[in-house]
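> I would like to see how this sequence folds:
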Amino acid sequence: MNQVRAVDEVVGFAADLIAIDTTNASDSGGPGTERPAAEYVAEKLTEVGYDVTYVESGAPGRGNVIARLPGADPARGALLVHGHLDVVPADAAEWSVHPFAGEVRDGYVWGRGAVDMKGTLAMSLAVARQLKRDAVVPNRDLIFAYVADEEAGGFNGARWLVDHRPELFEGATEAISEVGGFSVTVGDGARAYLVETAEKGVAWLRLTARGTAGHASLLHTDNAVAKLAAAITRLEQHEFPLVLTGPVAELLEGLAEMTGVPFDPDRPEAAVARLGHLARLVGATLRDTATVTMFEAGYKGNVVPSTARATVDGRMLPGREAVFEASLAEILGPGIEREYLHMPGVATTFDGSLVDAMAAAIGAEDPGARLLPYMLSASTDAKSFQRLGIRHFGFSPLRLPPDLDFTSLFHGVDERVPVDGLKFGVRVLDRLLRGPI
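Alright, predicted model coming up:
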């Protein structure tokens with residue numbers, strides 16, 4: 001198996017992609033920033049012989065690149081390997097390095113998108129090129145997709161492509177992408193690699209309260225700011241009920257077996273509390289959540305405004321969308337207007353030949369390691385691709401240092417990915433895509 005060239009290329013690809021500023025300002029009506037990165041990927045794929053499709057989705061500059069490597073059996077469902085080109089904003093004043101320099105230092109590639117998710121794009125790009133150079137004919141078609149706008153919900157990216165260009169993903173039955181396949185070290189140095197099999201649904205809410213405007217020196221009984229602040233306080237203080245779902249139970253049971261510490265399904269929060277850096281991520285998948293992120297009201301210190309608005313990021317466990325909305329209505333109470341931008345959760349089972357192949361590929365590079373399923377509290381383009389009936393797994397393999405708080409790097413300051421982790425990921429991904437998947 002020839003992996004050397006792909007391993008050598010991956011760090012440079014990651015650095016180059018990070019240096020292309022694809023900040024997504026979440027302006028659904030404005031032009032995109034992804035085109036230069038999409039053109040970079042298209043050039044690298046064309047260079048080794050791929051026929052690529054470049055598509056702009058929903059707005060100018062929303063660049064997407066799709067390429068297909070035909071498999072030996074066209075009747076088998078294709079595997080979609082996808083990732084997003086856009087990144088969230090970064091304030092350079094807060095960083096140790098410039099977030100768009102793509103600097104390689106101290107064994108890491110630094111910059112916005114290093115983990116979310118240009119490092120992963122670099123791995124898939126390097127492996128796609130290696131497969132083509134080696135004239136590999138995989139068992140099934142492989143579709144490589146590099147898409148726009150995931151950080152704003154994918155409505156001008158994956159969702160637009162699914163709705164307007166579904167033929168680009170013809171035959172795809174399974175997919176792998178971000179936020180899974182990374183290692184966690186437990187017990188006496190044993191490693192588990194977490195594979196995302198489910199993710200919570202999302203409801204981005206715009207709340208509005210209305211009242212009577214007037215001079216702030218007068219008495220007021222119809223204050224929009226006060227009404228909305230009270231409603232938000234009730235929401236912030238509310239704890240949604242604990243629900244132990246299948247993926248979370250499987251994760252906690254697997255970790256209990258690896259550590260020798262028993263898992264009590266009646267007390268899952270106790271098990272989560274022992275997870276260190278993972279506790280915030282896994283804890284968020286034990287119940288629905290609703291977090292206020294923005295509050296807007298007023299225009300002058302001595303004027304009571306007639307309206308107040310807030311933005312709430314709601315995340316609900318798969319299948320609980322209707323219950324979540326009913327709970328919000330009760331908590332917020334009458335007089336609070338609610339606008340929803342809603343996407344349902346995603347879930348699949350942790351079984352099948354693809355899961356077996358993932359385990360074999362990880363085991364070949366890290367003998368004794370174990371794969372475990374988990375639920376992601378955030379959102380990915382899986383929500384869009386599931387509309388085509390595609391079964392999704394989060395699997396972007398990375399072997400991480402035991403003390404690295406990996407989940408805090410997503411959207412965080414000084415985002416970075418280990419060089420050795422990227423090279424490990426290339427070797428695993430190459431094994432997977434060449435194998436009996």
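> Can you tell me the SS state at the residue in the chain sticking out farthest from the centre?
Taking Cα atoms, centre = their mean, the residue of the chain most remote from its mean C-alpha position is Leu218, at 49.1 Å. Assigned with DSSP: H, G, I helix; E, B strand; the rest coil, Leu218 falls in the coil class.
> in the sheet, who's paired with the nearest residue to Pro89 once chain neighbours are set aside?
Nearest residue to Pro89, sequence neighbours excluded (Cβ to Cβ, 6 or more residues apart in numbering): Thr23, at 5.2 Å. Using the backbone N, CA and C atoms, a C-beta is placed for each residue, glycine as well. Residues found in beta-bridge contact with Thr23 (criterion: DSSP bridges) are Val87.
> ok so, going back, from Glu94, how far out is the residue farthest from the centre of the chain?
Remark: distance between Leu218 and Glu94 (Cβ to Cβ, to the nearest Å) = 43 Å.
> just Ala172 next, same as before
From Ala172 to Glu94 the distance is 39 Å (Cβ to Cβ).
> Neighbour count: the two, which is higher?
Comparing Ala172 with Glu94 by neighbour count (other Cβ atoms under 10 Å), the higher total belongs to Ala172, at 25 against 10.
> Is the more buried one in contact with Ala78, as I believe?
Yes. Counting by Cβ atoms under 8 Å, Ala78 is a contact partner of Ala172 at 4.4 Å.
> Report the separation between the residue farthest from the centre of the chain and Val303.
With distances taken as Cβ to Cβ, Leu218 is found 11 Å from Val303.
> Equivalent analysis for Ile390, please.
Spatial separation of Ile390 from Val303 under the definition Cβ to Cβ is 52 Å.
> okay, these two: which has more neighbours?
A direct count of neighbours by other Cβ under 10 Å for Ile390 and Val303 places Ile390 higher, at 22 against 12.
> unless I'm mixing things up, the more buried one is touching Glu174, no?
Yes. Ile390 sits in contact with Glu174 when judged by Cβ under 8 Å, with a separation of 6.5 Å.
> what's the overlap in contacts for these two?
Overlap between the neighbourhoods of Ile390 and Glu174 consists of Leu80, taking contacts as Cβ atoms under 8 Å, 6 or more residues apart in numbering.
> Next up, the contacts around the residue nearest in space to the middle of the chain.
Relative to the mean C-alpha position of the chain, the nearest C-alpha, by Cα atoms, centre = their mean, is the one of Thr380, at 4.1 Å. Going by Cβ under 8 Å, 6+ apart, Thr380 touches 150, 177-179, 196, 199, 392, 394.
> One more pass at 10 Å, please.
The neighbours of Thr380, taking Cβ atoms under 10 Å, 6 or more residues apart in numbering as the test, are 82-84, 116-117, 150, 154, 158, 175, 177-180, 196, 199, 346, 392, 394.
> what's the answer for Gly157, then?
The contact partners of Gly157, by Cβ under 10 Å, 6+ apart, come to 24, 32, 34, 57-58, 62-64, 84-86, 145, 147-151, 381, 384.
> go again using 8 Å as the cut-off
Gly157 makes contact with 34, 57-58, 62, 64, 84, 86, 147-150, 381, 384, according to Cβ under 8 Å, 6+ apart.
> and which of these is nearest to Met258?
Sorting the contacts of Gly157 by distance to Met258 puts Asp381 at the head of the list, at 30.7 Å, by Cβ to Cβ.
> Measure how buried the closest residue to the closest one other than its chain neighbours is and give me the count.
Taking Cβ to Cβ, 6+ apart, and ignoring the residues beside it in sequence, Asp381 has Ala158 as its nearest neighbour in space, at 4.0 Å. The number of residues packed around Ala158, counting by other Cβ under 10 Å, is 28.
> Ok, Glu321 next?
The number of residues packed near Glu321 is 20, by other Cβ under 10 Å.
> And His277, by the same measure?
Under the neighbour criterion other Cβ under 10 Å, His277 is assigned a count of 14.
> And for the one 4 residues further on?
The criterion is other Cβ under 10 Å. On that basis, Leu281 has 21 neighbouring residues.
> Likewise for Leu433?
As a burial measure, the neighbour count of Leu433 was computed by other Cβ under 10 Å and equals 25.
> Then Val292?
Number of residues near Val292 (other Cβ under 10 Å) recorded here: 17.
> Tell me who's in contact with Pro373.
With contact set as Cβ under 8 Å, 6+ apart, Pro373 has these partners: 194-198, 247, 250-251, 350.
> now with 7 Å?
195, 197, 247, 250-251, 350 (Cβ atoms under 7 Å, 6 or more residues apart in numbering).
> now do Asp16
So Asp16 contacts 40, 102 (Cβ under 7 Å, 6+ apart).
> Export the helix or strand hosting it to PDB, keeping only CA atoms.
Secondary structure here is read from DSSP states H and E; on that basis Asp16 sits in helix 4-19. The C-alpha trace of helix 4-19 is given here as PDB (Å, rounded to 0.1, in the frame of the first residue of the first chain):
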ATOM      1  CA  VAL A   4       3.800   7.900   1.600                       C
ATOM      2  CA  ARG A   5       3.000  10.700  -0.800                       C
ATOM      3  CA  ALA A   6      -0.400  11.300   0.700                       C
ATOM      4  CA  VAL A   7       1.100  11.500   4.200                       C
ATOM      5  CA  ASP A   8       3.700  13.900   2.900                       C
ATOM      6  CA  GLU A   9       1.100  16.200   1.300                       C
ATOM      7  CA  VAL A  10      -1.500  16.500   4.000                       C
ATOM      8  CA  VAL A  11       0.200  19.100   6.200                       C
ATOM      9  CA  GLY A  12       0.800  21.400   3.300                       C
ATOM     10  CA  PHE A  13      -2.800  21.100   2.100                       C
ATOM     11  CA  ALA A  14      -4.100  21.900   5.600                       C
ATOM     12  CA  ALA A  15      -1.900  25.000   5.900                       C
ATOM     13  CA  ASP A  16      -2.800  26.200   2.400                       C
ATOM     14  CA  LEU A  17      -6.500  25.800   3.000                       C
ATOM     15  CA  ILE A  18      -6.300  27.600   6.400                       C
ATOM     16  CA  ALA A  19      -4.500  30.500   4.700                       C
END
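> avg pLDDT for it?
Throughout helix 4-19, pLDDT has a mean value of 94.
> likewise stretch 314-331?
Within the predicted structure, the mean pLDDT of stretch 314-331 is 95.
> Tell me the gap between it and the middle of its chain.
Between the centre of stretch 314-331 and the centre of its chain there are 21 Å (Cα atoms, centre = their mean, to the nearest Å).
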